[in-house]
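A.B. asks: Compute the structure for the input listed below.
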Amino acid sequence: MTYARSYATSRKPQKIKKFRRTSNKRKIPKLYFRQNARNRPSLWPKIKALILTTSCLVGAMVVLAGFSLMLVAGYQYLLSMPYFCIKDADSIIIVGQNRSQPEAILREMQIRPGTSLLAVQPLKVEQALLQQPWIEAAELSRVWPDRVRLIVREHQPVALVKIDKKLYLMNSRGIIFKAMEPHDPHEFPVITGLELEHFQRVGGNKTPLLAKVFDFMELLQEKDTFLSWQTVAEIHVDAERGFTIYPTDLNIGLSLGFRDYKQKLANLQKVLPHIKQHGELAKIDRIDLNYPQRVLVRLKQNEHLQP
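C.D. replies: All right, here's what the predicted structure looks like:
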């Protein structure tokens, strides 16, 4: 007992710590849990948005289809209105027609009395008119409310071109536009010696040889020239020797080369009266004018000039 008491009294009394409230809160870490299938977000909002978008698109298409149907119905109504229809043949005005026949094309394109101007397609009609060989250009316009006006520009032939034993008509721009037919005009000089390749355009320009032909043609159309374009029956073109022309009233060939045409024709004008005076013209086959100071005469076979 004595020992036990001494032990109990030997222990020092411990200080009791008082609990103090502090402002530091204990931070609890966030816990992440896998969501249960029952807690997943619903798909209904997305489905609802898709249905709304589809409905809007279908509605827009229905409105557009209805508007288009209204336009078609309105267009058909306008087509049937007599106010916009061609009333008679005098309402189809054609300007510039000479040798062409545009009426046949207009009938094929359904342009006639009773046709609505709304049904006329000018571009399509113009392209069809260009299929006629005599028509170089065409312009169709609608004159509201009940008339159409067609302006035609025809090819203007200036010469005949002989290629592979066949004659073709050539216009004033050097374009061969049709083969010669019996009813076509033929009061033009015939150009020989050229091939189809000489009429092919390079950058819209004439070939050099064809350009020389047109320069010579312009010379013959001048008033102060000894020979005129109307008095020349044939022009033969040689790429190396130049031009040889055959006047209708002489029936002989005149070699002119490619330059100094006026001077050469002036020399011929001086010599020709002397030849005619002696009656020697029928014996001559060709006169060469390519020499500046003289004229060379080539006779027909078995012919001799009188001294």
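
A.B. asks: Report the buried residues of stretch 219-235.
C.D. replies: Neighbour counts using 16 or more other Cβ atoms under 10 Å place Leu220, Thr225, Phe226, Leu227, Trp229, Val232, Glu234, Ile235 of stretch 219-235 among the buried residues. C-beta: built from backbone N, CA, C; applies to glycine.

A.B. asks: Just those residues: which are in strands?
C.D. replies: Counting by DSSP state E, the buried residues of stretch 219-235 place Val232, Glu234, Ile235 in strands.

A.B. asks: Just list whatever residues bridge to the first one.
C.D. replies: Meaning Val232. Pro247 (DSSP bridges).

A.B. asks: So it versus Pro102, what's the distance?
C.D. replies: Going from Val232 to Pro102 by Cβ to Cβ, to the nearest Å gives 33 Å.

A.B. asks: And for Val158?
C.D. replies: 23 Å.

A.B. asks: ok, those two, which is more surrounded?
C.D. replies: Pro102 (23 against 18; other Cβ atoms under 10 Å).

A.B. asks: confidence score at that one?
C.D. replies: Looking at Pro102, its pLDDT stands at 94.

A.B. asks: Can you give me the distance of it to Ile86?
C.D. replies: 15 Å.

A.B. asks: now do Ile287
C.D. replies: 62 Å.

A.B. asks: and what of Gly203?
C.D. replies: 43 Å.

A.B. asks: Ile92 now?
C.D. replies: Applying Cβ to Cβ to Ile92 and Ile86 gives a distance of 7 Å.

A.B. asks: for Leu219, same thing?
C.D. replies: Relative to Ile86, Leu219 is positioned 49 Å away (Cβ to Cβ).

A.B. asks: Neighbours of Val62, how many?
C.D. replies: Counted by other Cβ under 10 Å, the residues lying close to Val62 total 10.

A.B. asks: Wasn't it part of a helix?
C.D. replies: Yes - when DSSP: H, G, I helix; E, B strand; the rest coil is applied, Val62 is found to be in a helix.

A.B. asks: which residues does it contact?
C.D. replies: Neighbouring residues of Val62 by Cβ atoms under 8 Å, 6 or more residues apart in numbering: there are none.

A.B. asks: quick one: low-confidence parts of the stretch 51-200 of the chain?
C.D. replies: Scanning the stretch 51-200 of the chain for pLDDT under 70 picks out the ranges 71-80.

A.B. asks: Would you map the strands across it?
C.D. replies: With strands called from DSSP state E, counting those that start in this stretch, the stretch 51-200 of the chain shows them at 92-95, 135-143, 147-154, 157-163, 166-171, 176-179, 190-192.

A.B. asks: Let's have these in JSON lines, adding distance to Leu117.
C.D. replies: Listed next are the strands of the stretch 51-200 of the chain as JSON lines, based on distance: least, Cβ to Cβ, whole Å:
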{"stretch": "strand 92-95", "distance to Leu117": "11"}
{"stretch": "strand 135-143", "distance to Leu117": "5"}
{"stretch": "strand 147-154", "distance to Leu117": "7"}
{"stretch": "strand 157-163", "distance to Leu117": "35"}
{"stretch": "strand 166-171", "distance to Leu117": "33"}
{"stretch": "strand 176-179", "distance to Leu117": "31"}
{"stretch": "strand 190-192", "distance to Leu117": "45"}
